[in-house]
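Q: Below are the sequence and a predicted model for it; my questions follow.
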Amino acid sequence: MSLSNIFDIAGSGMNAQSTRLNTTASNIANADTASSSSEKTYRGRHPVFAASFNAMLGHPENQDQEGPEEAMGVAVKGIVESDAPLQPRYEPENPLADEKGFVFYPNVNVVEEMTNMISASRSYQVNVEVANAAKQMLQKVLTLGQ
């Protein structure tokens, strides 16, 4: 593995953590949205990641369909909705209440989402530091010949 591959790996990590930050921000923004039915209620979303390391191990036959350039680092495979139960609350005075007086709130735990946000931002920061360290190493290599 060359130093230039490190930029691809760190970049894929930054992309994955950026997606994680965006979904977490969306979850927090919708944590208190009420709905009159369980079908219309916002459900928490979470990204699904997959490690891609087959090219580094020398197994090109097991690489992802995208090609060798996508075979190192982290790939965002998709975003899934949480299957945790929604939070029905008895609020008969709420204009969104159903005929039984219940209002449905998302299955988002703000404390967990804040923890996810802190973890994602720190992981993003670590990937930035890895890219900066690789850049410094490449600059040192260029000065070796002087």
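A: Perfect, thanks for sending it. No experiment lies behind these values; they were computed from the predicted model shown.
Q: in this protein, which segments are predicted with low confidence?
A: Judged against pLDDT under 70, the low-scoring parts of the chain cover residues 1, 54-71.
Q: quick one, strands of it?
A: With DSSP state E applied, the chain shows strands at 45-52, 73-81, 87-90, 102-105, listed in chain order.
Q: ranking these by burial, who's on top?
A: Mean neighbour count (mean count of other C-beta atoms under 10 Å) peaks for strand 102-105 among the strands of the chain, with a mean of 20. For glycine as for every other residue, the C-beta is placed from the backbone atoms N, C-alpha and C.
Q: and that strand, what does it pack onto?
A: Using 3 or more C-beta pairs under 8 Å, 6 or more residues apart in numbering; DSSP states H and E, the elements in contact with strand 102-105 are strand 87-90.
Q: residues contacting the one residue sitting closest to the centre of the chain?
A: Nearest to the centroid of the C-alpha atoms of the chain, with distances taken as C-alpha atoms, centre = their mean, sits R20, at 2.0 Å. The contact partners of R20, taken as C-beta atoms under 8 Å, 6 or more residues apart in numbering, are 47, 116, 120, 123.
Q: just to revisit the earlier point, with distance to A25 added, can I get the strands of the chain in JSON lines?
A: As requested, those are exported to JSON lines (distance: least, C-beta to C-beta, whole Å):
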{"stretch": "strand 45-52", "distance to A25": "11"}
{"stretch": "strand 73-81", "distance to A25": "13"}
{"stretch": "strand 87-90", "distance to A25": "20"}
{"stretch": "strand 102-105", "distance to A25": "18"}
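Q: Of all these, which one is nearest L142?
A: With respect to L142, and counting by C-beta to C-beta, the nearest of the strands of the chain is strand 73-81 at 24.8 Å.
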